[in-house]
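Student: kindly return the folded structure for what I paste below:
(one chain, ligands or ions: 1)
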Amino acid sequence: MQHQPPSSDAKSKSRSSSTLPFPTTTSCGGSYVIRLSGLSIFVAILSSAFIALFTGRMTSSYLSTRQQQFNCQPAAADSKLTETVENVMFDYEALVHPAMITHPNPKRVAVLGGKQQQTSATLGEVLKHLSVKDAVILGDEENAHRDEATDARISVLEMKDQECSVEDHGLLDVIIDPNPFKAATDFSSYFNCLNDDGVLVLNTNTIITHKDPALGIGRLNVLGRVTDFLGEVGYESVHLYQDESSSNDFGARSFLVALKSAESRADWYSNEAEVNIRLHQRIGRSESLEFDSPTMLTYQTPPKAVETVFCRDSNVEAEECGIRGFDPEVVNVPYSDLSVGKSTMGEYSGRGIFAKKDIPKGRAIGMEKSWLSYFIYPSAHSIIMELCHWADDHWADENEDDEEDYVEEVYESVSAVVGFSEGYGFWSSLLGRSHSSVDSGLMMFCNHECNGTYNLCQDGANDSEDSVDPNQPPESLSSIWRSAFSPAFERNLRQALISGDKTNRDIKKGEEILCNYLEFIGRASDWEADVRGLQGQCAGTELGEISFYEREKQQA
Ligand SMILES: C[S@@+](CC[C@H](N)C(=O)[O-])C[C@H]1O[C@@H](n2cnc3c(N)ncnc32)[C@H](O)[C@@H]1O
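Tutor: This is a model prediction of the structure:
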C-alpha cells in the first residue's frame, strides 16, 4: 500500500487523533513489500531446481522388496540399541525427535513395523512425547501377531503391501519408518494418510560422504530416486539430515524428513528457543533425552557432502550449484565506492546511493556487507504482526480507556519495526510462513527506477512496473515450492535472500544506483498491491512507505 503525496487531492489514511508515524493500513497491512537487493537469484535458483528435479531423475518402476516383521514391544528401556544386525544400529532419537518436534502437535503417530527391537526403540522415543494419544504400528498381514501392548496408547493396524489409506488407517500426524528403505514406492501411499501438516521420516540406511558419486548414481541411486519421488508424490519440502554425533557408538545415519506442506518449513527451521519450548512442553520430566535444540539446529542445514553429491548430478542445473550463495565469478564493488545523497527519483524519493567511481557492467555491489543483513524469521515476524494487529484493532475502542495507554505504547514500538521491515526490507515465504529480510548497509537506500531503466538487477531482467500485469503474478512466485529437495539452495538460504543482483550496464561516476523493486516481491499475494503501489510512485501520485513516514513525522 502506498500513500498520497501532499500535492495530491486524495487524503492519505492516518489515525485521526494520533501523532503516530504510521497509518493503520500501512503498519500491519503485511502486503506491502519493498526490498533492496537481489531476490532475483532465489527465483532463478528455484525455477532451475524445479526443472532439474522434474526433468531429471524421473521415477521408474520400483519394486517393493522389504519384508516386514513386527512384534510390538513398547517403550524399550534403552533406545540406543546395539543390535548385531548391520544396518539397524543407529540412534533412534535422531530418527524420531526432529520429525516430532517439527509437527505442531503430534497426537496420532505411526511407526512402520520391522524388527522387534527397532520398532520398540522407535516407539519408545515416540511415547516420550506427552502430546501422543495414539501410537500406531503399521505392518503387513504375515506379521499380524504381536505381544500384548503394555502402553494403552499403542495399537496395531494391519497394512497390506504397504498401502496406507485413510479408510483403513485414519489420518496421521507423523509417520516414522525406521526400516532401511530399498525403493521409493515402499512408502508412496503414506502421503494419503498424513494430515495436511503431516511429517514423514525415513531412514536412508546410509551416510553420505564427499567421496560418494552423484546423488542418483551407484550406491546413492535409490536415495536420488527417493528424493525425487517424494516431491512427485506431493511433499512440498524435503530435508536430509545426518546424525554424525553418535557415530562412535552407533552406526551414523542420514534421515529424510518430508513435509506435506511447505508451511511446515517454518517449524522445521524453528529457532533454539522454540525447540526448547516444544521439548519442555512435550517431553515428560522423567524421560532422558540427549536430543536438544543445538542438535536440532545442526540438522536444519544439510551437510556439505549432501550438497556436493546433489550438485554432482548432471541433471541439476549449473546455476543452482554454481552460485551456492555468492557467485565467485562476479567482481564486487565495495561500499567504499558508494555515497549517499538526495535521490534523483523525484521530490519525495528521499535518499539514494550514488557511484563514487565508474562501475562497469556485471558487477555486484556491497557483497561484503550483505551477509550482515537483518532477518526477521517466521516466528518473530508473526509475533510482531500479531501485536501490530492487536494495537490496530483496539485503537478505535473508545470504551476501553484502561487499555488505551498500552495500545499506544505497543503501536508505537511495533509499528516502527514493521515500517522498517516493510520500507527497507522485503517479505517472503521462503521459510514456510512470512518473514522479512533487510539489508544492513548502504544498499538499503537503493531506490526503484521506473519504466525498466534500473541499472542493478538480476541477470536478464527486462520487466518493469509499467509492463507487467498487476493481476497476474509471475509463475515463479506461485511455483516456489515445487523444488521440494534442494540441499544446495538450502545451505545458502541467507545469501540467496540478500544477494544476486549485478549492474546491467556501465554506470558513470556520480550516477544513482537504481534497483528494480519488482524482483523484491516475494509472495504472490503481494503482487497486485505492490505493482500498483510502484505504478503510483512512478506516476508521482503516491508516496512510498519511507517517504510517507518521514512526511508524517515532519508534520507531527
Ligand atoms: C528502500 S527505501 C529507499 C531509500 C529511501 N529513499 C530513503 O530515503 O531512505 C524505499 C523507499 O524509497 C522511496 N522510493 C524508492 N523509489 C522511489 C521512486 N522511484 N519514487 C519515489 N519514491 C521512491 C519510497 O518512499 C520507498 O518506500
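Student: residues contacting Leu194?
Tutor: Leu171, Leu172, Asp173, Ile175, Leu200, Lys260 (C-beta atoms under 8 Å, 6 or more residues apart in numbering). Any C-beta I mention is one placed from the backbone N, CA and C, and that applies to glycine too.
Student: run through the bridge partners of it.
Tutor: Leu172 (DSSP bridges).
Student: skip ahead from the helix or strand bottoming out on mean pLDDT in the chain and say which helix or strand is next.
Tutor: Each helix and strand of the chain was given a mean pLDDT (mean pLDDT, DSSP states H and E); the minimum falls on helix 40-55 at a mean of 33. The helix or strand immediately downstream of helix 40-55 is helix 92-102, counting by DSSP states H and E.
Student: show me how this structure divides into domains.
Tutor: The chain resolves into domains spanning 24-52+329-550, 92-314 when parsed by automatic domain parsing.
Student: got these as CSV, with distance to the ligand columns?
Tutor: Putting these into CSV (distance: least, C-beta to the nearest ligand atom, whole Å) gives the following:
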stretch, distance to the ligand
domain 24-52+329-550, 2
domain 92-314, 25
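Student: by mean pLDDT, show me the worst of these.
Tutor: Of all these, mean pLDDT reaches its minimum on domain 24-52+329-550 (a mean of 82).
Student: please, which helix or strand holds the residue nearest the centre of the chain?
Tutor: The centroid of the chain falls nearest to Leu431 when counting by C-alpha atoms, centre = their mean (1.9 Å). For Leu431, there is no host helix or strand (DSSP H and E).
Student: one more: His280?
Tutor: Counting by DSSP H and E, His280 is found in helix 272-282.
Student: what angle separates the very next helix or strand once past that helix from helix 92-102?
Tutor: As assigned by DSSP H and E, the chain's next helix or strand after helix 272-282 is helix 293-300. Going by axes from the mean of the first three to the mean of the last three C-alpha atoms, to 10 degrees, helix 293-300 is angled at 90 degrees with respect to helix 92-102.
Student: just give me how far helix 293-300 sits from the chain centre.
Tutor: When distances are taken as C-alpha atoms, centre = their mean, to the nearest Å, helix 293-300 is centred 15 Å away from the chain's centroid.
Student: mind listing what's buried in it?
Tutor: Ser293, Thr295, Met296, Tyr299, Gln300 (16 or more other C-beta atoms under 10 Å).
Student: cool, and stretch 346-356?
Tutor: Tyr348, Ser349, Gly350, Arg351, Gly352, Ile353, Phe354, Ala355.
Student: for the one helix or strand Leu240 maps to, packing partners?
Tutor: Using DSSP H and E, Leu240 sits in strand 237-243. For strand 237-243, the packing partners by 3 or more C-beta pairs under 8 Å, 6 or more residues apart in numbering; DSSP states H and E come out as helix 221-233, strand 253-259, helix 265-268, helix 293-300, helix 304-312.
Student: which residues does the helix holding His280 contact?
Tutor: Outside of helix 272-282, the residues within contact range by C-beta under 8 Å, 6+ apart are 100-101, 129-131, 270, 289, 291-294, 296-297, 379.
Student: just give me the closest of the residues you listed to Asn179.
Tutor: Taking C-beta to C-beta as the measure, Asn179 sits nearest to Met100 out of the contacts of helix 272-282, at 18.1 Å.
Student: quick check: the closest one touching Val111?
Tutor: No: here Met100 lies out of contact with Val111, judged by C-beta atoms under 8 Å, at a distance of 11.5 Å.
Student: who's more crowded, the two?
Tutor: Val111 (29 against 26; other C-beta atoms under 10 Å).
Student: next, the more buried one: phi, psi?
Tutor: Val111 has phi and psi values of phi -120, psi 130 when expressed as degrees, to the nearest 10.
Student: what does His394 give?
Tutor: Backbone geometry at His394, expressed as degrees, to the nearest 10, gives phi -90, psi -10.
Student: so which bits of the longest helix seen in the chain are buried?
Tutor: When the chain is parsed with DSSP state H, its longest helix is helix 401-423. Along helix 401-423, these residues count as buried under the neighbour rule (16+ other C-beta under 10 Å): 407-408, 410-411, 414-415, 417-423.
Student: for the buried residues of stretch 346-356, give me JSON lines that also has distance to Asp151.
Tutor: What follows is those, written out as JSON lines (distance: C-beta to C-beta, whole Å):
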{"residue": "Tyr348", "distance to Asp151": "67"}
{"residue": "Ser349", "distance to Asp151": "66"}
{"residue": "Gly350", "distance to Asp151": "64"}
{"residue": "Arg351", "distance to Asp151": "64"}
{"residue": "Gly352", "distance to Asp151": "66"}
{"residue": "Ile353", "distance to Asp151": "64"}
{"residue": "Phe354", "distance to Asp151": "69"}
{"residue": "Ala355", "distance to Asp151": "69"}
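Student: re earlier: so the residue nearest to the centre of the chain is in contact with Tyr377, correct?
Tutor: Yes: shown here, Leu431 and Tyr377 form a contact pair, counting by C-beta under 8 Å, at 6.5 Å.
Student: find residues that contact each of those two.
Tutor: Tyr269.
Student: hmm, back to that, of all the buried residues of helix 401-423, which comes closest to Pro328?
Tutor: Ser421 (30.4 Å).
Student: against Asn516, how distant is that closest one?
Tutor: Separation of Ser421 from Asn516 (C-beta to C-beta, to the nearest Å): 20 Å.
Student: any idea how far Ser373 lies from Leu497?
Tutor: Distance from Ser373 to Leu497, by C-beta to C-beta: 8 Å.
Student: looking at the two, which one has more neighbours?
Tutor: Neighbour totals were compared for Ser373 and Leu497, and Leu497 leads with 26 against 22 (other C-beta under 10 Å).
Student: so the more buried one, which state does it fall into?
Tutor: Look at Leu497: counting by DSSP: H, G, I helix; E, B strand; the rest coil, its state is helix.
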